[in-house]
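Trainee: Got a predicted structure plus its sequence, pasted below:
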Amino acid sequence: MQNGAIAAQFEELAELLEIQGANPFRVRAYRNAARAILDSTESIAAAADSIAKLREFPGIGEDLAKKIQVLVQTGSIPQLAELREQVPAGVVAMLRVPGLGPKKVFALFQEHGIRSLDELRLAAEQNRIAGIKGFGKKTQDAILKGLEVAESAGRRVYLSEAKQVAEQIAEDLRSVPGVAQLEVAGSCRRRKETCGDLDLLAEASQPDAIMDRLAGHRLVEAIIARGDTKMSVRLFKGLQLDLRVVPAESFGAALQYFTGSKEHNVVLRRRAQDMDLKLNEWGLFRGEQMVAGRTEQEVYAALGLPVFPPEIRENRTEFALAEQGPLPRLVELDDIRGDLHMHTTASDGSASILEMAEAAKSRGREYIAITDHSKRVSMANGLDAPRLLAHWKAIDEAQKSIKGIRILKGIECDILEDATLDLPDDVLEQADWVIAVLHYGLQQPREQIMKRLMCAITNPHVDIIGHPTGRLVDRRKPADIDFDVFLDACAKHRVMVEINANPARLDLDDIHAAAAKKRGIPIVISTDAHGFADMDLMQFGVFQARRAGLTRDDIANTLPVDAFLERLRQAKG
Ligand code: DGT
Ligand code: CA
Ligand code: CA
């Protein structure tokens, strides 16, 4: 049993006792114990065979030691189980509503029978809270606003949103006097597709100054907690941000630790132990002696490891890669030369062919493919054969009036529910670039989904499968695909696969993109832009590719346009 899991149970115990109006000293004792357990670098579970050993931990007395022992031996604390029966989970959830402390929750539950967030909302909406003694209209309004926060808490935020606010706040805090270094850590630095919260790390001569600035920041909605070197605030949508101020000699160790992932850190810590060293967020130590900590580079080097790009710190392949020699250079945004999936006003885009080409050119792209929808997507005014042929003529015209960028004639062709393509072969044959996609019937059984994919893969004119699973991150499940069969078929028929860079799609994901690489399938990262601004989303596709361990050679649209077209010709031949 990990320290974190043990601490969580005592934290919950404290919380439930508090709701019941228990003695505040007792509540605080449990809470302090939870804190001490979490902070300890030694395993509590390993000490649980002896009460005496447990009592050596700070903040743990006789009573707590006994409870820990029972917890480790049986997996639960009997008192906690009892409390959970007495206090419904909905009441505990009410504690997460900003503006509602344990005393108020206790009163609402015990005296007014409110047992869930829904009941709380109803009562507030019916103006029944305002009349309760000690509450009033103001509290009732605060509860209604707080309910929104409580209900969105726990939901993860797309990387695109998280990264933007994290970097904005980081930039603003860097200008505070005395701030020597400030970095974004956590899942945001690892470019994970969603972030649970944001982690900022600062080296600052006056921690108070930087915390004051954060407290007054326009993106901060509320202060959750503030200590001497640590502060937590709430941003929009309930997103939390943790700021930690650390000394210069520990900055690298802290950056390494708080970048994570947890799984990556576990391996590092074990490796340190094997070298008779101790690694934590303060540094790498031999006994009391600090060996490294000022920079990440120093820490990794002392462990005989390269500085891993944050994107691959997941304990998946990075340690095996490091064994094999220098790390491969992962693909970078600047390597991308073409953007091969985008829409215009002909279907559901917001700009013309020429405008999209100009915008792509200004972003340094050397070629694009215009890939409007096919007719099945009637909602998006998808193109039938005559409209498509006319659209391609318009592309030829547009090409004449712009230099320095090549415009390919493409189509995003639907793979219909009955496993046929939305456009006939004699039309597809005339395209430079055919993306085949599933849009409808994503819930069909695996057998039919595979039949549809195979129909596209075996069609001689299809170049690539776009956003293969159709998933929307955290919102819509992927289609039921047999990935081994799918990718083997793509490799055999020389069909490429897309990493759709839209932050809501990121489809293929990192795991499947790595599987595609393994089979030598060329991968194309595309923005699926529906307007200019979307072209800047390319970075998120590149992050996902990096998380998959992909290099420039794995990504077909890093090729110059002629080499890319040659690759297409070969695939068809
Ligand atoms: P998130 O916030 O859920 O998107 O993911 P992270 O990775 O940002 O996780 P977070 O914010 O809980 O913690 C930031 C980093 O701190 C995490 O990646 C690794 C490190 N860390 C946090 N708790 C632990 C722990 O109990 N053990 C170890 N080894 N590292 C931890
Ligand atoms: Ca985080
Ligand atoms: Ca955090």
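Mentor: Arrived safely, thanks for sending. Residues are numbered from 1 along each chain as shown. Ligands and ions are numbered 1, 2, ... in the order given.
Trainee: Leu384 reaches Lys375, doesn't it?
Mentor: One correction, residue 384 is Asp, not Leu. Yes - at 4.4 Å, Asp384 counts as touching Lys375 under the criterion of C-beta atoms under 8 Å. Where C-beta positions appear, they are placed from N, C-alpha and C, glycine not excepted.
Trainee: These two: which is more packed in?
Mentor: Ranked by neighbour count (other C-beta atoms under 10 Å), Asp384 and Lys375 place Lys375 first, with 18 against 13.
Trainee: how about the more buried one, what does it touch?
Mentor: Shown in contact with Lys375 (C-beta atoms under 8 Å, 6 or more residues apart in numbering): Gly382, Leu383, Asp384, Asp422, Leu423.
Trainee: try 6 Å
Mentor: Gly382, Asp384 (C-beta atoms under 6 Å, 6 or more residues apart in numbering).
Trainee: doesn't Leu423 fall inside a helix?
Mentor: No - assessed with DSSP: H, G, I helix; E, B strand; the rest coil, Leu423 is coil; it does not lie in a helix.
Trainee: Quick one: end-to-end length of stretch 399-412, please.
Mentor: From the first residue to the last, stretch 399-412 extends over 20 Å; the measure is C-alpha to C-alpha, to the nearest Å.
Trainee: go on, stretch 290-299?
Mentor: Stretch 290-299 end-to-end distance (C-alpha to C-alpha) = 11 Å.
Trainee: Residue in the chain with the shortest distance to ligand 2?
Mentor: Gly186 (3.3 Å; C-beta to the ion).
Trainee: Return the distance of that residue relative to Val331.
Mentor: Distance, Gly186 to Val331, by C-beta to C-beta, to the nearest Å: 23 Å.
Trainee: near ligand 1, which residues of the stretch 151-300 of the chain?
Mentor: Residues of the stretch 151-300 of the chain lying close to ligand 1 (C-beta under 6 Å from any ligand atom) are 186-187, 192, 195-197, 199, 257-258, 260-262, 265-266.
Trainee: one more time with 5 Å
Mentor: Where the stretch 151-300 of the chain comes near ligand 1, counting by C-beta under 5 Å from any ligand atom, the residues are Gly186, Ser187, Cys195, Gly196, Asp197, Asp199, Phe258, Gly260, Ser261, Lys262, Asn265.
Trainee: residues near Pro177, how many?
Mentor: Close neighbours of Pro177, defined as other C-beta under 10 Å, add up to 10.
Trainee: Find the helix or strand that the residue lying closest to it once chain neighbours are set aside is a member of.
Mentor: Nearest residue to Pro177, sequence neighbours excluded (C-beta to C-beta, 6 or more residues apart in numbering): Ala209, at 6.3 Å. Per DSSP states H and E: Ala209 is located in helix 207-215.
Trainee: Ok, Asp242 next?
Mentor: Element membership for Asp242, per DSSP H and E: strand 240-245.
Trainee: quick one: the residue of the stretch 251-400 of the chain found nearest ligand 1 from Leu38, how far?
Mentor: Residue nearest to ligand 1 within the stretch 251-400 of the chain: Gly260 (1.8 Å; C-beta to the nearest ligand atom). To Leu38, Gly260 is 16 Å away according to C-beta to C-beta.
Trainee: Could you check which of those two has the larger neighbour count?
Mentor: Taking neighbours as other C-beta under 10 Å, Gly260 and Leu38 compare with Gly260 leading, 21 against 15.
Trainee: can you list the weak-confidence ranges in the stretch 101-250 of the chain?
Mentor: 152-154 (pLDDT under 70).
Trainee: surely the residue nearest to Pro177 meets Leu173?
Mentor: No - using C-beta atoms under 6 Å, Ala209 is not in contact with Leu173; the gap is 9.7 Å.
Trainee: quick one: which of those two has more around it?
Mentor: Shown here are Ala209 and Leu173; by other C-beta under 10 Å, Leu173 has more neighbours (20 against 15).
Trainee: Could you report the separation of whichever residue of the stretch 351-500 of the chain sits closest to ligand 3 from Val105?
Mentor: Residue nearest to ligand 3 within the stretch 351-500 of the chain: Asp474 (18.4 Å; C-beta to the ion). Note on Asp474: its distance to Val105, by C-beta to C-beta, is 29 Å.
Trainee: Point me to the residue sitting closest to the centre of this protein.
Mentor: Centroid-nearest residue in the chain: Thr194, 1.9 Å away (criterion: C-alpha atoms, centre = their mean).
Trainee: which ones are touching that one?
Mentor: Each residue near Thr194 by C-beta under 6 Å, 6+ apart is listed here: Arg156, Tyr158.
Trainee: Up against ligand 3, what does the stretch 51-200 of the chain have?
Mentor: By C-beta under 5 Å from the ion, the residues of the stretch 51-200 of the chain that approach ligand 3 are Asp197, Asp199.
Trainee: For the stretch 51-200 of the chain, which segments count as strands?
Mentor: Taking DSSP state E, counting those that start in this stretch as the test, the strands found in the stretch 51-200 of the chain are 157-158, 179-185, 194-195, 197-204.
Trainee: which one of these is the most hemmed in?
Mentor: Comparing the strands of the stretch 51-200 of the chain by mean neighbour count (mean count of other C-beta atoms under 10 Å), strand 197-204 comes out on top with a mean of 23.
Trainee: Mind giving me the packing neighbours of that one?
Mentor: Applying 3 or more C-beta pairs under 6 Å, 6 or more residues apart in numbering; DSSP states H and E, one finds that strand 197-204 makes contact with strand 179-185, strand 240-245, helix 251-259.
Trainee: try it again with 7 Å
Mentor: For strand 197-204, the elements it packs on are helix 159-174, strand 179-185, helix 186-189, strand 240-245, helix 251-259, judged by 3 or more C-beta pairs under 7 Å, 6 or more residues apart in numbering; DSSP states H and E.
Trainee: Those: which one's closest to Leu550?
Mentor: helix 159-174 (17.2 Å; C-beta to C-beta).
Trainee: Doesn't Asp348 belong to a strand?
Mentor: No - counting by three-state DSSP, Asp348 is not part of a strand but coil.
Trainee: Quick one: residues contacting it.
Mentor: Under the criterion of C-beta atoms under 7 Å, 6 or more residues apart in numbering, the neighbours of Asp348 are His373, Ala380, Asn381, His530.
Trainee: Turn the buried ones among those into a named ChimeraX selection, would you?
Mentor: Of those, the buried ones go into a single ChimeraX selection, burial set by 16 or more other C-beta atoms under 10 Å:
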select :373,380,530
